[in-house]
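K.L.:
Take a look and give me a structure for this.
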Amino acid sequence: MLDTSVVVAFMNRRDDDHERVVAWMETTGEDLATTPLIVAEIDHLVSRAGGTDAAAAFYEDLIGGAYLVEWWPEAVRETVEAARKNPGTGLADASLIALAARLGTTRIATLDERHFRVVRPLSGEAAFTLLPADV
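P.N.:
Numbers count the residues shown, from 1 in each chain. This next block holds a predicted model:
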């Protein structure tokens, strides 16, 4: 699973986590799956902070298949259920929790450790593995 924070840090050379994220992304062999809610969040933040050139680069990454964008018929219901099970979790993050359950993984690429260390996978596992921190 791929959260907004990792993509934003990857694209922003001035981000404190840029080098760490670039190093991880260059070595990971994992598919980077995310949801349309995360894509919309990335689009907003990248466009606002980086302008049209950054947005264009993100769009090219999307078109080029750099990120797998997953959505399924039950996604809305499962995302809302994940948000309800984790008060204070917005729909974008809840969509990653739901997608993780759907794909049978507990691995999430995020820099939002404070939040994702508290929420629990829907699969019943004790915790998510946060990347790149837990590598």
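K.L.:
Can you spell out which helices and strands pack onto the longest helix along the chain?
P.N.:
Counting by DSSP state H, the longest helix found in the chain is helix 36-63. Contacting helix 36-63 under the criterion 3 or more Cβ pairs under 8 Å, 6 or more residues apart in numbering; DSSP states H and E are the following elements: helix 4-11, strand 68-69, helix 91-103. All C-beta spots, glycine's among them, are computed from the backbone N, C-alpha and C.
K.L.:
which intervals of this structure have sub-threshold pLDDT?
P.N.:
Judged against pLDDT under 70, the chain has no low-scoring part.
K.L.:
Restrict the helix or strand harbouring residue 79 to CA atoms and write it as CSV.
P.N.:
If you go by DSSP states H and E, residue 79 is part of helix 75-85. C-alpha atoms of helix 75-85 as CSV (Å, rounded to 0.1, in the frame of the first residue of the first chain):
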residue,chain,number,x,y,z
ALA,A,75,-14.5,-0.3,-1.7
VAL,A,76,-16.8,2.5,-0.4
ARG,A,77,-18.5,0.3,2.2
GLU,A,78,-15.2,-1.3,3.3
THR,A,79,-13.5,2.1,3.5
VAL,A,80,-16.3,3.6,5.6
GLU,A,81,-16.2,0.6,7.9
ALA,A,82,-12.4,0.9,8.3
ALA,A,83,-12.9,4.6,9.2
ARG,A,84,-15.6,3.8,11.7
LYS,A,85,-13.4,1.1,13.4
